[in-house]
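> just coords:
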């Protein structure tokens with residue numbers, strides 16, 4: 001009984017410490033997304049597929065496409081949503097192959113809408129509390145297709161919570177009751193020598209084992225000790241430390257792998273169903289294998305784990321190894337030869353050039369773009385946009401003066417240019433504009449465009465080469481402050497967006513394709 005009491009008191013004397021922990025902000029992907037898909041690289045025309053997304057934008061199409069209706073290459077998509085934000089600063093993360101453009105509340109906040117290898121980019125944006133329009137435009141050219149989009153709140157990213165430390169206390173002095181009772185079923189095991197005050201009867205000794213049939217003669221009355229005090233040998237001091245038998249391995253800094261990127265796995269490593277050494281094996285590669293990184297990293301059993309797949313068999317989780325020996329390494333970045341171009345010709349937007357030979361006008365900046373027209377030599381072209389590198393060629397978006405067809409042309413190569421650039425290319429012919437709409441100071445108009453066209457650009461000056469301030473969606477109302485001003489064959493107006501503190505210049509378009517719809521004519 002004394003030993004049991006001692007163990008119980010020992011447990012109560014242990015000191016328990018509870019460490020602090022950190023609750024980190026979680027990535028957000030949003031909800032309520034809708035998607036439009038186009039079988040071209042310009043988001044033009046009618047979408048071939050429209051759908052509502054069950055979650056966020058997190059798609060790895062690989063060599064395929066979102067749907068059999070969508071081309072596996074040279075397609076584009078627009079993801080639209082209305083998200084609710086708390087007031088604060090957010091970091092947005094974009095991981096894509098190829099290009100992405102992000103528009104928040106009608107303003108372009110991120111623009112890499114061109115052919116690019118797989119890569120991850122971030123940008124920050126301060127937002128007020130409330131709802132915000134978020135649009136993500138995506139373009140895919142060749143081979144792999146991937147798009148991922150998420151954001152974090154960064155101005156209060158972490159919260160530290162430190163629970164109170166619980167401390168156990170104990171008493172070193174034990175005082176038993178004044179009466180000690182001995183029964184035949186318990187053999188006493190007291191280490192101290194007890195000298196009774198009365199002599200025990202010789203008929204009872206510690207070597208005798210009592211049996212049920214024996215008659216037990218009561219012991220004479222034993223005068224109890226007044227107090228039994230534990231000696232220093234029974235005192236538990238901080239020198240007694242309970243150490244776990246196995247110290248868990250800590251996860252160090254993970255490898256610089258990118259979700260959606262590629263990694264090289266050393267042969268002879270198991271692929272498991274979960275990020276744990278005890279999880280079932282679901283795949284195995286004997287030799288060195290090129291894999292796609294699908295998720296991670298996650299720390300488990302002291303290792304960083306990544307979910308991989310794309311080389312046959314079931315995808316799963318693999319440990320990256322340890323600093324002494326890694327068996328999962330980032331794959332060298334693949335550079336598409338078609339993405340390397342010579343420096344483009346020096347041409348200003350709005351300048352006029354002439355074709356040096358018969359030249360095709362295409363629907364997009366690519367040799368695979370649909371042929372819109374075949375232009376004869378010496379055709380006059382107005383430069384609207386560019387340049388973009390594709391197929392090893394620099395491409396320009398142009399307007400074919402006369403037929404008034406807009407499309408893309410390649411400039412050719414240094415040994416054989418397909419367009420002639422006048423020495424005074426920056427100097428343009430005297431602009432000729434059509435009769436302007438019934439707009440002027442005091443008038444009001446609404447933004448309009450055909451289904452599939454891009455939102456209209458609001459610029460800081462009346463020129464196609466001016467800096468873009470925002471993109472205005474169909475139906476947004478603007479009040480005319482100044483104009484019209486004829487430049488680059490367009491009638492321009494300085495406007496302010498109704499209900500928003502935003503002003504700039506916008507063109508009205510041309511006959512048959514007006515970008516402004518008159519709501520209130522000029523007085």
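Good, I have the coordinates. Remember, predicted model here, so these are calculated numbers, not experimental data.
> Can you name the residues that contact residue 126?
With contact taken as Cβ atoms under 8 Å, 6 or more residues apart in numbering, residue 126 is in contact with 88-90. (C-beta placed from N, C-alpha, C; glycine too.)
> Make a PyMOL selection of the buried ones in those residues.
Buried members of the contacts of residue 126, defined by 16 or more other Cβ atoms under 10 Å, are picked up in PyMOL with:
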select buried, resi 90
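> just for the stretch 251-400 of the chain, where's the confidence low?
For the stretch 251-400 of the chain, residues meeting the criterion pLDDT under 70 lie at 311, 333-339.
> rerun that using 90 as the cut-off
251-253, 255-270, 284-292, 301-303, 309-314, 321-343, 346-351, 366-369, 378, 386-392 (pLDDT under 90).
> The stretch 401-523 of the chain too?
For the stretch 401-523 of the chain (pLDDT under 90), the answer is 401-404, 413-415, 420-440, 447-457, 462-468, 470-475, 486-491, 499-501, 508-523.
> what about the strands in it?
All strands of the stretch 401-523 of the chain, identified by DSSP state E, counting those that start in this stretch, fall at 405-410, 412-413, 416-417, 419-420, 444-447, 456-459, 468-472, 477-487, 490-497, 503-507, 509-510, 513-514, 516-520.
> got the buried residues for stretch 355-373?
Neighbour counts over stretch 355-373 (16+ other Cβ under 10 Å) mark 355-356, 359-366, 369, 372 as buried.
> Identify whichever of the strands of the stretch 401-523 of the chain lies nearest to residue 388.
strand 405-410 (8.2 Å; Cβ to Cβ).
> what distance separates that closest one from the centre of its chain?
Put simply, strand 405-410 sits 35 Å off its chain's centre (Cα atoms, centre = their mean, to the nearest Å).
> Equivalent analysis for stretch 104-121, please.
14 Å.
> pLDDT averaged over that stretch, what's the number?
Here stretch 104-121 scores 91 as its mean pLDDT.
> What residues of it count as buried?
Neighbour count says stretch 104-121 has 104-108, 110, 112-116, 118 buried, by 16+ other Cβ under 10 Å.
> Ok, stretch 79-94 next?
79-81, 83, 85, 90-92, 94.
> again with stretch 122-139
125, 127, 132, 134-139.
> Columns pLDDT, secondary structure and distance to residue 39 on top of these, output as TSV?
What follows is those, written out as TSV (pLDDT from 0 to 100; DSSP: H, G, I helix; E, B strand; the rest coil; distance: Cβ to Cβ, whole Å):
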residue	pLDDT	secondary structure	distance to residue 39
125	94	strand	31
127	94	strand	34
132	94	strand	30
134	96	strand	24
135	97	strand	20
136	97	strand	19
137	97	strand	15
138	96	strand	14
139	94	strand	12
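> Looking at those, spot the one nearest residue 460.
Distances from residue 460 to the buried residues of stretch 122-139, taken by Cβ to Cβ, are shortest for residue 125, at 19.9 Å.
> show me the contacts for residue 405.
361, 372-373, 399.
> Any chance of TSV for those, columns secondary structure and distance to residue 303?
Below are those laid out as TSV (DSSP: H, G, I helix; E, B strand; the rest coil; distance: Cβ to Cβ, whole Å):
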residue	secondary structure	distance to residue 303
361	strand	56
372	strand	55
373	strand	60
399	strand	59
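> would CSV of those residues with distance to residue 279 be doable?
Output for the contacts of residue 405, formatted as CSV (distance: Cβ to Cβ, whole Å):
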residue, distance to residue 279
361, 57
372, 55
373, 60
399, 60
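> residue closest to the middle of this protein?
residue 150 (4.2 Å; Cα atoms, centre = their mean).
> That residue: what secondary structure?
Under DSSP: H, G, I helix; E, B strand; the rest coil, residue 150 falls in the strand class.
> which non-adjacent residue is nearest it?
Nearest residue to residue 150, sequence neighbours excluded (Cβ to Cβ, 6 or more residues apart in numbering): residue 27, at 4.5 Å.
> contacting residues for the one you found?
Residue 27 touches 93, 150-152, counting by Cβ under 8 Å, 6+ apart.
> In terms of pLDDT, where does it sit?
pLDDT at residue 27 comes out at 83.
> so how far does stretch 26-35 reach from one end to the other?
24 Å (Cα to Cα, to the nearest Å).
> In it, which residues are buried?
Those would be 30, 33, 35, for stretch 26-35 by 16+ other Cβ under 10 Å.
> The second one and residue 51 touch, don't they?
No. If you go by Cβ atoms under 8 Å, residue 33 and residue 51 don't touch, sitting 9.4 Å apart.
> if we can go back for a sec, out of the contacts of residue 405, who's nearest residue 61?
Of the contacts of residue 405, the one sitting nearest to residue 61 (Cβ to Cβ) turns out to be residue 372, at 27.6 Å.
> From residue 92, how far out is the closest one?
35 Å (Cβ to Cβ, to the nearest Å).
> repeat for residue 332
Distance from residue 332 to residue 92, by Cβ to Cβ: 28 Å.
> can you check residue 485 too?
Residue 485 is 36 Å from residue 92, by Cβ to Cβ.
> per the record, what domains does the protein have?
Using automatic domain parsing, the domain parsing of the chain gives 1-185, 262-330, 338-420, 444-520.
> Between the two ends of the last one, how far is it?
Spelled out, that is domain 444-520. End-to-end distance for domain 444-520: 5 Å, by Cα to Cα.
> chain center to that domain, what's the gap?
Worked out by Cα atoms, centre = their mean, domain 444-520 lies 34 Å from the chain centre.
> ditto for the second one
Centroid separation for domain 262-330 versus its chain: 21 Å, with Cα atoms, centre = their mean.
> So which of the buried residues of stretch 79-94 sit within helices?
Secondary structure from DSSP state H places none of those in helices.
> Now render the buried residues of stretch 104-121 as a markdown table, adding distance to residue 454 and secondary structure.
Output for these, formatted as a markdown table (distance: Cβ to Cβ, whole Å; DSSP: H, G, I helix; E, B strand; the rest coil):
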| residue | distance to residue 454 | secondary structure |
| --- | --- | --- |
| 104 | 16 | strand |
| 105 | 17 | coil |
| 106 | 12 | coil |
| 107 | 14 | strand |
| 108 | 11 | strand |
| 110 | 16 | strand |
| 112 | 16 | strand |
| 113 | 10 | coil |
| 114 | 14 | coil |
| 115 | 18 | coil |
| 116 | 19 | coil |
| 118 | 25 | coil |
